[in-house]
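Q: What would the 3D arrangement of this be:
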Amino acid sequence: MLNLKTTIMSYTKIWIHAVFGTKRRYPYLSGSIKKKVINHIFKNADEKGITMSKINGMSDHLHCLIRLHPKQCVADVLQLIKGESGHWLNENRTCKSKFGWSVKYYAVSISEKDVEIVKKYIRDQEYHHSNKTLQQEVEELFGVPYED
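A: Sure thing, here's the model as predicted:
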């Protein structure tokens, strides 16, 4: 008799590059706020069993490189990240006005061979945005027009 518990082994490496903006692209994440929210997202993601590999962005959006576990889906993970971080920012009155993330997000799967390239791209956000808007970046990376 075949014992399925011992003969089937699952292995997954599902990498997602996600981008989400602030509500109406308002520059909430300026100065030290961006660093605080990035650190908080890393900590909260770890507590929730989400493998966050890299986060960076600009005052109006963040890029995340996430490794999904077999029972996680993109929508649930991003809802947890955005919802909890938005709640935390408002609860701690980190921003001068009520903080909000845009409802939409952009996400694509990436190949294992491209992980280091995407990490570098995320790390170098300030450089990319020295000559490119968020709208241009989304259209370039995801092939769709940016919508709030």
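Q: Which of the three states applies to the most centrally placed residue in the chain?
A: Closest residue to the average C-alpha location of the chain: residue 64 at 3.0 Å, with Cα atoms, centre = their mean. Look at residue 64: counting by DSSP: H, G, I helix; E, B strand; the rest coil, its state is strand.
Q: Now for it: which residues touch it?
A: 16-20, 41, 52, 54-55, 81, 122 (Cβ atoms under 8 Å, 6 or more residues apart in numbering). Bear in mind the C-beta positions are built from the backbone N, C-alpha and C, glycine included.
Q: Show me the helices in this protein, by range?
A: 4-7, 32-47, 74-91, 115-123, 125-128, 134-142 (DSSP state H).
Q: Now do the second one: distance to the chain's middle.
A: Once both centres are worked out by Cα atoms, centre = their mean, to the nearest Å, helix 32-47 turns out to sit 11 Å from its chain's centre.
Q: Out of the helices of the chain, which gets nearest to residue 105?
A: Checking the helices of the chain against residue 105 by Cβ to Cβ gives helix 74-91 as the closest, at 5.3 Å.
Q: May I see the buried residues of the closest one?
A: Within helix 74-91, the residues that count as buried by 16 or more other Cβ atoms under 10 Å are 74, 77-78, 80-82, 84-86, 88-89.
Q: For residue 104, state which of the contacts of residue 64 is nearest.
A: Among the contacts of residue 64, residue 20 lies closest to residue 104 (Cβ to Cβ), at 7.4 Å.
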